[in-house]
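**Q** can't give you the sequence, but here's the structure:
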C-alpha cells in the first residue's frame with residue numbers, strides 16, 4: 001500500500017501539471033478559438049434567421065400577388081364575358097334593325113310594283129277602250145255608210161265603254 005501511496009504522490013505533480021496545462025489550454029483556446037467560432041455561429045444563426053424571415057415575407061408577398069393576379073384574371077374573365085354578351089346583344093339589335101329595314105324596303109318595292117302594275121292595267125284598259133271605240137266607230141260608219149256626228153259618236157263610245165267596264 002505504501003508503494004501505491006508513493007506512486008500516487010509521485011504522480012500528483014503530473015496530475016497538477018496536466019490539470020494546469022488543461023486549464024491554460026482551455027483558456028487559450030477559449031480566447032483564440034471558441035470566441036471567434038461562437039461569434040461566427042451567432043452571426044450564421046442571425047443570418048439564417050434573417051434569411052428565413054425574408055423568405056417568409058417574400059412568400060407572403062408572392063401569395064398576395066397571386067391572390068391579386070387571380071382576382072384580376074377573374075375580373076378580366078367577367079369583363080370578357082360581359083363584352084361578349086354585349087357584342088351578342090348589339091349584333092342581335094343590328095340584325096333585327098337590318099331585318100326591319102329590309103322588310104320596310106321590300107314593302108316599298110312591293111307597293112311600287114303594285115302601283116306600277118295597277119297603272120299598267122289602267123293604261124291597258126284605257127288603250128283597250130280606245131281601240132274598242134275606234135273599232136265600234138269604224139263598224140258603225142261602215143254599217144250606216146254615212147257620216148257620224150260627234151254626238152252620235154260619243155253616245156256609241158259611252159255604250160261600248162259601259163259594256164266593257166260592266167263585267168269588272
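**A** On my side now, so go ahead. Quantities reported herein were computed from a predicted structural model and do not represent experimental measurements. Residues are numbered from 1 along each chain as shown.

**Q** So residue 106 versus residue 116, what's the distance?
**A** Using CB to CB, to the nearest Å, we find residue 106 at a distance of 15 Å from residue 116. All C-beta atoms are positioned from the backbone trio N, CA, C, and that covers glycine.

**Q** typo on my end, it should be residue 75
**A** Remark: distance between residue 75 and residue 116 (CB to CB) = 60 Å.

**Q** Residue 23 now?
**A** Distance, residue 23 to residue 116, by CB to CB: 132 Å.

**Q** Tell me the first helix or strand C-terminal of the longest helix seen in the chain.
**A** Identified as the longest helix of the chain according to DSSP state H is helix 35-144. Per DSSP states H and E, helix 35-144 leads on to helix 150-165 as the next helix or strand towards the C-terminus.

**Q** Can you pull the poorly scored residue ranges out of this structure?
**A** Low-confidence segments of the chain, defined by pLDDT under 70: 1-10, 138, 140-149, 166-168.

**Q** what do you get if the cut-off is 90, keeping everything else the same?
**A** For the chain, applying pLDDT under 90 flags the ranges 1-16, 25-41, 106, 113-168.

**Q** returning to that earlier point: give me the helices and strands touching the longest helix of the chain, please.
**A** Here helix 35-144 touches helix 150-165, going by 3 or more CB pairs under 8 Å, 6 or more residues apart in numbering; DSSP states H and E.
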